[in-house]
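J.: Attaching a predicted model along with its sequence, questions to come.
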Amino acid sequence: MRGSNMLRISDAASLALHTMVLLAGSSGKLLSNKEIASMLKVSEAHLSKVLQRLAKIGLVGSTRGPKGGFYLGKEASAITLMEVYEAIEGPLVLCNCLLDKKICTKKHCILGRLVEKVNGQVKEYLANNTLDKLSPFYKGC
């Protein structure tokens, strides 16, 4: 049985984050859509759409041809996880309520400040971590 996560990040954003860290750890080697899809065990078609969005804002570049592939559009140390996330999802807008609109009638949320704290931690992590800090997870591609 598959577990569930409290943190919800879309498949596309998760794929973008993993792809960018993978490219950062590739030591400058070009990686094809097929190679990346195989390494991440994802659909080539879905990955292609994600790579197009990343390329559109310059986070990745590509070279065509039999020896072509994708590479980082700028230095890994200059790309934050937030930048990658927002390339796919748009600006991160935090909400401190689990519902679309607040319904609590008391002064405090039933979860206290938990949602606010977790959202703050996620935002801080995405904003303060660059690809170069995370690329060792994918070394040896």
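T.: Here it is on my side, so go on.
J.: Can you pull the poorly scored residue ranges out of the protein?
T.: Along the chain, segments meeting pLDDT under 70 span 1-6, 100-102, 105-107, 136-141.
J.: Could you rerun that using 50?
T.: Low-confidence segments of the chain, defined by pLDDT under 50: 139-141.
J.: Just give me the residue right at the centre of it.
T.: residue 17 (2.6 Å; Cα atoms, centre = their mean).
J.: Check what contacts the helix or strand hosting residue 61 and list those residues.
T.: In the assignment (DSSP states H and E), residue 61 maps to strand 60-63. Outside strand 60-63, the residues within contact range by Cβ atoms under 8 Å, 6 or more residues apart in numbering are 19-20, 23, 30, 51, 54-55, 68-73. (Each C-beta comes from the backbone N, C-alpha and C, glycine too.)
J.: buried ones in that strand?
T.: Applying a neighbour-count criterion of 16 or more other Cβ atoms under 10 Å, one finds 60, 62 buried in strand 60-63.
J.: Tell me the helix or strand right after it.
T.: Assignment by DSSP H and E places the next element after strand 60-63 at strand 69-72.
J.: In terms of secondary structure, what does that next one contact?
T.: Packing partners of strand 69-72 (3 or more Cβ pairs under 8 Å, 6 or more residues apart in numbering; DSSP states H and E): helix 11-24, helix 33-40, strand 60-63.
J.: re the thing from before, would you mind measuring from the residue nearest to the centre of the chain to residue 85?
T.: 7 Å (Cβ to Cβ, to the nearest Å).
J.: Let me see the residues that make contact with stretch 78-85.
T.: Defining contact as Cβ under 8 Å, 6+ apart, one finds that stretch 78-85 is touched by 9, 13, 16-17, 20, 24, 54, 59, 72, 92, 123, 125-131, 134.
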